[in-house]
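> Attaching a predicted model along with its sequence, questions to come.
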Amino acid sequence: MTAWREKYRPRTVADLVGCEVFKQQAQHWSLETAPPCLLFIGGPGVGKTTAARALARDWLGEWFGQENFITTNASDDRGIGYVRDHLKHISRLKGLMVAKRVIFLDEADSLTKDAQKALRQIMEDSHDTIIWILAGNDISAFHKAIKDRCTTYEFKSHGPNEIEEACLKIHEAEGLPEEWKQYYRNLAPLCEGSLRQTVDTLQSLSKTPEALEKRVRSSGQDMSRAALHLAAGDFTTLNAFLNQQLEKGDSRFYLLKTLRYKAKGLIEEGDDWFAFMKTYGDFMMMATQWPDDDMAFFEYFVATLQQNRRLHK
């Protein structure tokens, strides 16, 4: 079965959902007029990779392919050797029937500072033959040398209108139940504005009239129960509820924010609440940079909650 996230991935800049400032400017670019280095910043699922592919497809046309659009992931190897040996080598290769190739470096904020400095020099040396597109979650992780070289765009989480727009396109193409239409906007907070997660959620559901409503309502109910266990200090059960929601496709940000909202009226003001908020704040900051899987993220979250609760007793 084809993943809907790929089946319905926008193929051109004009087809992108949201990111209007970027779209308005990018639609007028060509290989000859585009900035030589672009930096896309934003959380997971907000369209950075899709935008890079759409740009390359618009520019390269019939010559779009792996010879002219090179994708590499900086999280695979973060050091200066990777940049000097691998990226420098591929930046010297000629494209097929095009004046410039496009190199897309995903998770570029994973590169070390020394690697970023080396990358900047390679970017400058190859600007006549390469357009570089870098993507990352955290702008602060990029060295000033990289930021000064790049034209930067921030990709924000999709709002209810944008989520609904994308869902309706899939709705018509897949013949989804009419009853689902009234709940598409509710997927924006549930999936934390991630279009990728929204599409994955739609595909995962049984195609019955009540399936989407149940999914939207059950998340809030389950998180209310999770907050009760948090207030009672039952951290083992709290962890089980969070893992259950992860399996349903809820995002880190959604679970953290919803747990705070649900717990606000259950935990007494004072030390317990401030201990919770200290943990909550730390993990909100960590959510886009956690290097392991979601389950490990929340197991560490719950362990830290438990430790902080004890420290305030």
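Okay, I see it.

> Domain map for this protein?
As given by automatic domain parsing, the domain ranges for the chain are 4-154, 159-209, 217-313.

> would you turn these into JSON lines with mean pLDDT and mean neighbour count?
Every residue, glycine included, has its C-beta placed from N, CA and C. Shown next, in JSON lines, are these (pLDDT from 0 to 100; neighbours: other Cβ atoms under 10 Å):
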{"stretch": "domain 4-154", "mean pLDDT": "90", "mean neighbour count": "18"}
{"stretch": "domain 159-209", "mean pLDDT": "92", "mean neighbour count": "18"}
{"stretch": "domain 217-313", "mean pLDDT": "86", "mean neighbour count": "16"}
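
> what about residue 103, is that helix, strand or coil?
Using DSSP: H, G, I helix; E, B strand; the rest coil, the structure places residue 103 in strand.

> Who does it form a beta bridge with?
When bridges are assigned using DSSP bridges, the partners listed for residue 103 are residue 70, residue 132.

> so what's it up against?
Counting by Cβ atoms under 8 Å, 6 or more residues apart in numbering, residue 103 touches 70, 72, 87, 90, 91, 130, 131, 132, 133.

> Specify which member of those is nearest to residue 51.
The closest of the contacts of residue 103 to residue 51 turns out to be residue 133 (Cβ to Cβ; 8.4 Å).

> quick one: the closest one from residue 216, how far?
Plainly put, residue 133 is 35 Å away from residue 216 if you go by Cβ to Cβ, to the nearest Å.

> next one: residue 200
Remark: distance between residue 200 and residue 216 (Cβ to Cβ) = 15 Å.

> same check, this time on residue 150
Residue 150 is 39 Å from residue 216, by Cβ to Cβ.

> Strands of this structure, start to end?
Applying DSSP state E to the chain gives strands spanning 37-41, 69-73, 101-106, 130-136, 151-154.

> could you dump those strands to TSV with distance to residue 119?
Shown next, in TSV, are those (distance: least, Cβ to Cβ, whole Å):
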stretch	distance to residue 119
strand 37-41	10
strand 69-73	11
strand 101-106	8
strand 130-136	8
strand 151-154	15
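
> Let me know which of those strands is the nearest to residue 306.
For residue 306, the closest of the strands of the chain is strand 130-136, at 32.3 Å, according to Cβ to Cβ.

> Show me what that closest one is packed up against.
Packing partners of strand 130-136 (3 or more Cβ pairs under 8 Å, 6 or more residues apart in numbering; DSSP states H and E): strand 37-41, helix 48-60, strand 101-106.

> got the angle for it vs helix 48-60?
With axes from the mean of the first three to the mean of the last three Cα atoms, to 10 degrees applied, the angle from strand 130-136 to helix 48-60 works out at 170 degrees.
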